[in-house]
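S.K.: Fold the following, please.
(one chain, ligands or ions: 1)
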Amino acid sequence: MIEVSGLTKQYGSRTVVDDVSFVLEPGTVTGFLGPNGAGKSTTMRMMTGLVPATSGTALVDGRPYAELPNPGAVVGTLLDASAVHPGRTGRVHLQLLAAAIGVPGARVDEVLETVGLSGAARRRIGGYSLGMRQRLGIAGALLADPPVLVFDEPANGLDPEGIRWMRDLLRGHAARGGTVLLSSHLLGEVEHTVDRLLVIGAGRIVADGPVAELLGDEGTAVRAADPAALTRALEAAGFSVQHGPDGRLTVPGAEPGAVGAVAAAAGLALTDLRPVSRGIEDVFFQLTAAS
Ligand SMILES: Nc1ncnc2c1ncn2[C@@H]1O[C@H](COP(=O)(O)OP(=O)(O)OP(=O)(O)O)[C@@H](O)[C@H]1O
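M.R.: As a prediction, the model looks like this:
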């Protein structure tokens, strides 16, 4: 378990991370969301001892990261995928890393296979694409099969297939009891990967909760053969109706069943009926605008 409490970072007179607290539980994938400069990387760097905190604590299994006997075996990090020697091959890079954290060399070929880099393992990293470097960074994080993964913008440089692959990897890790924290500023990228959202704006946590709770149900979208008649029937039943540009009607706060019942009672044919959720972007901007 990871417990972050009152974590704060000041650079000069500027507070870039301000009293941040959260707990990460095993078996969950938490998305750390915020716009550029919100303080995600700084928080993750303080959690892993790369940047000293001005105040507050980040404990991994009850101890600061730097005091763990073999931190790499407990927390796999992806914090700067470009911090690699471009002249080395991917395989040599991982072999050196494995030796440093006491992992048998045979594990290198396993993680190369896991991240889909077996074919490029003997090529120099300088010739890798951004996505391949990201995969190499992920391979390094997985070497010791650590229970906790802390990934900063892991989707950077990955194509849609790569993003799907990463989603499966992280969900699989959590399903085996692992703990995952991943950051992103592109919200759609993580919406289907994470169980929980931790939203940060201007250094402060502005929302923390299950995805379903934060996104919530917003109402019903409906199309009818006669939209004007359906509008009249819904308004007569006390619902408010918003008109979309393409004949789509949105009924805020209504269940699809209630909208269908009004249409049936009025003898109106529907051509489409579905629940609509607030987009993650809407929630995000609403929350961070208030911060
Ligand atoms: N070494 C530093 N010295 C001074 N200011 C810094 C330093 N590192 C980060 N900052 C500032 O702290 C703020 C938070 O940066 P951080 O990189 O943590 O944000 P982020 O949410 O990860 O953003 P991004 O998505 O752009 O990576 C930014 O305004 C940044 O300019």
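S.K.: Make sure I have this right: Leu230 is in a helix.
M.R.: Yes - counting by DSSP: H, G, I helix; E, B strand; the rest coil, Leu230 falls inside a helix.
S.K.: nearest spatial neighbour of it, skipping sequence neighbours?
M.R.: Closest residue to Leu230 apart from its sequence neighbours, by CB to CB, 6 or more residues apart in numbering: Ala224 at 4.0 Å. Any C-beta I mention is one placed from the backbone N, CA and C, and that applies to glycine too.
S.K.: check contacts around the one you found.
M.R.: Contacts for Ala224 (CB atoms under 8 Å, 6 or more residues apart in numbering) come out as Leu230, Leu249, Ala263, Leu268, Ala269, Leu270, Thr271.
S.K.: And for Arg223?
M.R.: So Arg223 contacts Gly247, Arg248, Leu249, Leu270, Thr271, Asp272, Leu273 (CB under 8 Å, 6+ apart).
S.K.: that's a strand at it, yeah?
M.R.: Yes - with three-state DSSP as the criterion, Arg223 is assigned to a strand.
S.K.: And it, how far from the ligand?
M.R.: Distance from Arg223 to the ligand, counting by CB to the nearest ligand atom, to the nearest Å: 39 Å.
S.K.: Dig out what that residue forms beta bridges with.
M.R.: Asp272 (DSSP bridges).
S.K.: roughly how far apart are it and Ala269?
M.R.: To Ala269, Arg223 is 10 Å away according to CB to CB, to the nearest Å.
S.K.: next one: Ala53
M.R.: 62 Å.
S.K.: more crowded one of these two?
M.R.: When Ala53 and Ala269 are compared for neighbours, Ala53 comes out ahead with 22 against 11, by other CB atoms under 10 Å.
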